[in-house]
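Chemist: turn this into a model:
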Amino acid sequence: MKRVLALIVSLAALLGLVACGGGDSGSGSGSGDTDKVYNLTFSMHTPADTPVGRYFQTMFDEIEEKTDGHVKITLHGSGTLAAAADVVDMVADGGCDMGWVFTSFYYGKFPLTDVLTLMGNNPQSCVQGTEVLYTLYNEFDEVAAEWSNFKVLQLHCNPVNYIYTSEEPATLADVAKMSVRAPSGACADVMGNLGLNVISMPPNDIYDNLSKGNIQGYIIENTAVTDYSLNEITKYVVNVPLNQGPFAVIMNQKTYDSLPAEYQAVIDEYTTLDACKAIAQVWEDQAAESGEKLLENAVLVDWSAEDVAAFNAASDTYDETWVAEHSTDSFDAQKLLDRCHELYAEIG
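Modeler: Predicted coordinates:
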């Protein structure tokens, strides 16, 4: 925890060094009044008093300072301004100016961005996945087009998802007998194809259902395990990295366009790969701390090579279906998937 706090304390200095530009920042052609105070709102579905929430608050404080108090961004945590599944529409309509989007809450809306959710990427860290996502967004117009209605400020992903259980998952066959909570999309589909009874529920319902035996496992990333106190009742972790979920910080395009060019330039400082990796590092360190706390009571389980191969085969079969579903006469989804695998392997 000391390591996480130290990183957050030093984050302001790190953000101050980030270079301008990156992503779809544009040239900053706004013509707003530099004497006006712009009061903007930002919605996130998790509590503000978390490492990620404090990261955003540090960023917003810096923006306010660099604009001499003319751009003020108020953070609304825990979905108090917009529910998790409403952020995209709220930002699009101007109900809130900025928001933090988890694509899994919008299954089917960002299908190409969700290439990171496929199970054959072998993800290792939040920082790694963030660089993969950022690169794909900038290399593939089709990925960027999914976000064309917004000013995209940042792209990153969560820490790696694993299977956590209350019953021993010594083999793939053991897990296949369980009822397991899984996020929608590739993860739920692959697990269902392997025979699991896949249950959909929000993270805050996992504890009650696991403790009552309604489910025997769940799939999530490490920080959520401790955020929801699941480490108290989790006994096993399957040591097979599954996938990651893409996240985006988006801004209403008209709101961005209404700002003076010099204020746009300040916001653009936080759209670079370095800025995206900064939040990823905060999250990765939190995940490491959570993992250590989890393993005080839980056991790490390694599957046999045969079970891992069977799991990978099911993932590959799903990938083939995904490619066929998202390819068109003008777009080869296999190229996107191949590039995604390539980047994960290169970045390591």
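Chemist: how much space separates the residue nearest to residue 334 when sequence neighbours are not counted from residue 60?
Modeler: Spatial nearest neighbour of residue 334, excluding adjacent residues (Cβ to Cβ, 6 or more residues apart in numbering): residue 323 at 4.9 Å. For glycine as for every other residue, the C-beta is placed from the backbone atoms N, C-alpha and C. Distance of residue 323 to residue 60, given as Cβ to Cβ, to the nearest Å: 40 Å.
Chemist: so the residue nearest to residue 334 makes contact with residue 337?
Modeler: Yes. Counting by Cβ atoms under 8 Å, residue 323 sits close enough to residue 337 to count as a contact (6.0 Å).
Chemist: more neighbours: which of the two?
Modeler: More neighbours surround residue 337 than the other of residue 323 and residue 337, with 21 against 18 (other Cβ atoms under 10 Å).
Chemist: for that one, give me its contacts.
Modeler: By Cβ atoms under 8 Å, 6 or more residues apart in numbering, the residues touching residue 337 are 115, 118, 319, 322, 323.
Chemist: what mean pLDDT does the helix or strand encompassing it have?
Modeler: Residue 337 is located in helix 333-347, with elements delineated by DSSP states H and E. Average pLDDT, helix 333-347: 98.
Chemist: just the C-alpha atoms of it, please, in CSV.
Modeler: What follows is helix 333-347, C-alpha atoms only, in CSV (Å, rounded to 0.1, in the frame of the first residue of the first chain):
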residue,chain,number,x,y,z
ALA,A,333,-10.9,-8.5,-38.6
GLN,A,334,-8.2,-11.2,-38.6
LYS,A,335,-5.6,-8.5,-39.3
LEU,A,336,-6.8,-6.7,-36.2
LEU,A,337,-6.7,-9.8,-34.1
ASP,A,338,-3.2,-10.8,-35.4
ARG,A,339,-1.9,-7.3,-34.7
CYS,A,340,-3.3,-7.5,-31.2
HIS,A,341,-1.6,-10.8,-30.5
GLU,A,342,1.6,-9.4,-32.0
LEU,A,343,1.6,-6.3,-29.8
TYR,A,344,1.0,-8.3,-26.6
ALA,A,345,4.0,-10.5,-27.5
GLU,A,346,6.2,-7.6,-28.4
ILE,A,347,5.4,-5.4,-25.4
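Chemist: which parts of this structure are strands?
Modeler: 38-43, 71-76, 98-102, 150-157, 161-165, 179-181, 197-199, 217-221, 236-238, 246-252, 299-301 (DSSP state E).
Chemist: buried residues in the second one?
Modeler: Going back to what we said before, that points to strand 71-76. For strand 71-76, burial by neighbour count (16 or more other Cβ atoms under 10 Å) applies to 71, 73, 75.
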